[in-house]
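Visitor: Got a predicted structure here, sequence first:
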Amino acid sequence: MTKFLSILLRFIKSHKGIIIALLIISYVLAACLPYIQQGKASKATINSFSIADYYSDNTSCDRACILFSNEDALTERLRLINNAKDEIILSSFDFHADKSGKLVLASLIDAANRGVKVNVLIDGVSYFTNSKNRAYFTALGSMDNATIKIYNPLNALKPHKGMARMHDKYLIADNSCYILGGRNTYDYFLGEGNGYKNYDWDVLVYNSTDSNNSSIYQIREYYKSVWNLKDCKIKCNSTDVFNKSKVEKARKELDTLYSNSINNNEDWYNAIDYNSITYKTNNIKLLSNPINSSVKEPVLFYNMTELMLEADGDINFHTPYIIANNYMTSRLKMICDSDKDVTMMTNSVANNGNPFGAADYKAHKNNLLKTGVHILEYDSGVSYHGKCFTIGDRLTGVGSFNWDMRSAYLDTELMLVIDSNELNTSMQTYMATYEADALSVNSDGSYELRDNQTPSTLSGKRKQRINLISPFIDLLRYLM
């Protein structure tokens, strides 16, 4: 036995580079391979679809409006938090303690101080990558009325769970109002920051009669199912001796920030009559993915595309990236073959802030054109992050779902589908403001340029990233 151990140690010493490389490769495979089996919707999902679930001939208790600008998106979040009386629920894929993130945290702390129950859900990647600002979240999470849970925290001992993420973004105030969409909780998406930003969408829904039939209860039921998962862990609930002073300092900073913000921007926080800014709706239905932290059945994708197939009217959808496997591409072709005009707006290769999305679109653009979809490429220089659609003159969809394999198979995702002629008209008007700056792609991949339109060219750094990624894109795209 001693001789064997001696030989083993000599082997390890002389081949340690190879052994380390093999261990790294094994770990990466353990993290990635569980997600390679990405199939079709099950018979149960197919049989459960009914077009009648999306329409109604009667006016519902819910009224809704689109939050078009990043400034309005921040203001309405602060307003809902400041006027909540019983409970606030916030779910965010990414939550930073930057300018807008601190304003949200400061408002949540004030709400908890006045006796409102505050529950916050954050994805495990965001929790890990923003560890340097943990004190600000602990300032909230360590309060008696507040709880912060992390969906699927990163665990080095569980690499097979590492790719499954919570991509939901919503805020619920009592049983009266909620915001749901694609905006994360930080400066890229909220407020009027002058630096880098993303364009996105939220919908605000108001329960105008305090009815138990409001769609807010669909969101609440979904939230409960995620909140009670074993994979959701309470974090930021206590301070140790070493971090106590940091947390106290962070809480004082947030308290001061809240006081100053109230004094300088009182109109952000005052209650308003939501009847005056919202439209009546007939029906609202929440679409969601399975919530397990592993590979998922493409439930949301199937229901959304089946709705596009069966509902009346032309289809217009926006997505930051489109990374589609054969099943997803075939579903898009079915929609395009159904005698409807189907338009998709996505970022051009040069405009895409996601290098993986840009590289995949560059490689597979011709395959998408073969489905018959009319492609518009947003090319203004600011990355477009919107996830939305309209069908005919009644249905509007807003949420977190990107047309990629990650949204279809890996992440939790939400899309809210609203039956409202007025909201549909509003949404189409807003969408057209982006489409006016987009490049129209012909079926052969060339552009039909308007006067003064010139396609952007790839900058040096983006070009380098895309060139680096492109040789591996077909190998890795099922994770994107």
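Guide: Done, it's in. Numbering: from 1, shown residues only.

Visitor: Residues in contact with the helix or strand encompassing residue 305: which ones?
Guide: Element membership of residue 305 [criterion: DSSP states H and E] is helix 299-310. Applying Cβ atoms under 8 Å, 6 or more residues apart in numbering, the contact partners of helix 299-310 are 40-41, 45-46, 49, 51, 54, 287-290, 315, 317, 328, 331-332, 334-335, 338, 340, 342, 389, 391, 395, 397, 401, 407-408, 413-415, 417. Every residue, glycine included, has its C-beta placed from N, CA and C.

Visitor: For that helix, list every residue counted as buried.
Guide: 299-309 (16 or more other Cβ atoms under 10 Å).

Visitor: quick one on the thing from earlier: take the contacts of helix 299-310 and keep only those in strands.
Guide: Counting by DSSP state E, the part of those found in strands is 287-288, 315, 317, 342, 389, 391, 395, 397, 414-415, 417.

Visitor: Columns neighbour count, distance to residue 429 and pLDDT on top of those residues, output as TSV?
Guide: TSV is the format used below for the ones in strands among the contacts of helix 299-310 (neighbours: other Cβ atoms under 10 Å; distance: Cβ to Cβ, whole Å; pLDDT from 0 to 100):
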residue	neighbour count	distance to residue 429	pLDDT
287	21	24	98
288	23	28	98
315	23	17	98
317	26	16	98
342	20	20	98
389	25	15	98
391	24	16	98
395	26	16	98
397	25	16	98
414	24	24	98
415	26	20	98
417	24	19	98
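
Visitor: Need the distance between the two termini of stretch 226-240.
Guide: End-to-end distance for stretch 226-240: 28 Å, by Cα to Cα, to the nearest Å.

Visitor: Give me the contact list for that stretch.
Guide: For stretch 226-240, using Cβ under 8 Å, 6+ apart, the contacting residues are 91, 119, 121, 127, 134, 137-138, 140-142, 147-153, 161, 166, 168, 247, 291, 293, 412.

Visitor: ranges for the helices of the stretch 101-250 of the chain?
Guide: 124-129, 134-141, 216-227, 244-264 (DSSP state H, counting those that start in this stretch).

Visitor: ok, residues contacting the first one?
Guide: If you take Cβ under 8 Å, 6+ apart as the criterion, helix 124-129 is touched by 92-96, 150-154, 165-166, 235.

Visitor: if you set the cut-off to 10 Å instead, what comes out?
Guide: 92-96, 123, 134, 137, 148-155, 161-166, 184-186, 231-233, 235-236, 293 (Cβ atoms under 10 Å, 6 or more residues apart in numbering).

Visitor: Equivalent analysis for the longest one, please.
Guide: By Cβ under 10 Å, 6+ apart, the residues outside helix 244-264 that reach it are 78, 82, 97, 99, 102-110, 113, 133-143, 236, 238-240, 243, 268-270.

Visitor: What subset of the residues you listed is buried?
Guide: 78, 82, 97, 99, 102-110, 133-143, 236, 239, 268-269.

Visitor: among those, which are in strands?
Guide: Going by DSSP E, the strands hold none of the buried ones among the contacts of helix 244-264.

Visitor: So which bits of stretch 149-165 are buried?
Guide: By 16+ other Cβ under 10 Å, the buried positions in stretch 149-165 come out as 149-153, 159-165.

Visitor: Point out the ones among those residues that are inside strands.
Guide: Short answer: those in strands (DSSP E) are 149-151.

Visitor: Now render those residues as TSV, adding pLDDT.
Guide: Shown next, in TSV, are those (pLDDT from 0 to 100):
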residue	pLDDT
149	98
150	98
151	98
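
Visitor: Please list all residues in contact with residue 435.
Guide: Applying Cβ under 10 Å, 6+ apart, the residues contacting residue 435 are 316, 318, 343, 345, 376, 378, 428.

Visitor: So which elements touch the one helix or strand residue 76 maps to?
Guide: Using DSSP H and E, residue 76 sits in helix 70-83. Packing partners of helix 70-83 (3 or more Cβ pairs under 10 Å, 6 or more residues apart in numbering; DSSP states H and E): strand 62-67, strand 87-92, helix 99-113, strand 170-173, strand 177-181, strand 202-207, helix 244-264, helix 266-269.

Visitor: quick one: average pLDDT of it?
Guide: What helix 70-83 shows for mean pLDDT is 97.

Visitor: pLDDT weak spots in the protein?
Guide: Scanning the chain for pLDDT under 70 picks out 1-15, 17, 19, 194, 241.

Visitor: Nearest the geometric middle of it, what residue?
Guide: residue 400 (3.6 Å; Cα atoms, centre = their mean).

Visitor: Let me see the contact set for that residue.
Guide: Residue 400 neighbours (Cβ under 10 Å, 6+ apart): 91, 93, 166-170, 180-184, 200-201, 288-289, 300, 387, 407, 411-416.

Visitor: repeat for residue 424
Guide: Here residue 424 is in contact with 279, 313, 390-396, 418 (Cβ under 10 Å, 6+ apart).

Visitor: at 7 Å instead, please
Guide: Under the criterion of Cβ atoms under 7 Å, 6 or more residues apart in numbering, the neighbours of residue 424 are 390, 393-396.

Visitor: excluding its backbone neighbours, what's nearest it?
Guide: Distances taken as Cβ to Cβ, 6 or more residues apart in numbering place residue 396 nearest to residue 424, at 5.0 Å, with adjacent residues excluded.

Visitor: Tell me what the one you found is bridged to.
Guide: residue 390, residue 418 (DSSP bridges).

Visitor: Could you tell me whether residue 18 really is in a strand?
Guide: No: counting by DSSP: H, G, I helix; E, B strand; the rest coil, residue 18 falls outside a strand, being helix.

Visitor: ok, so what distance separates it from residue 24?
Guide: 11 Å (Cβ to Cβ, to the nearest Å).

Visitor: Over to residue 364?
Guide: For residue 364 relative to residue 24 (Cβ to Cβ), the value is 29 Å.
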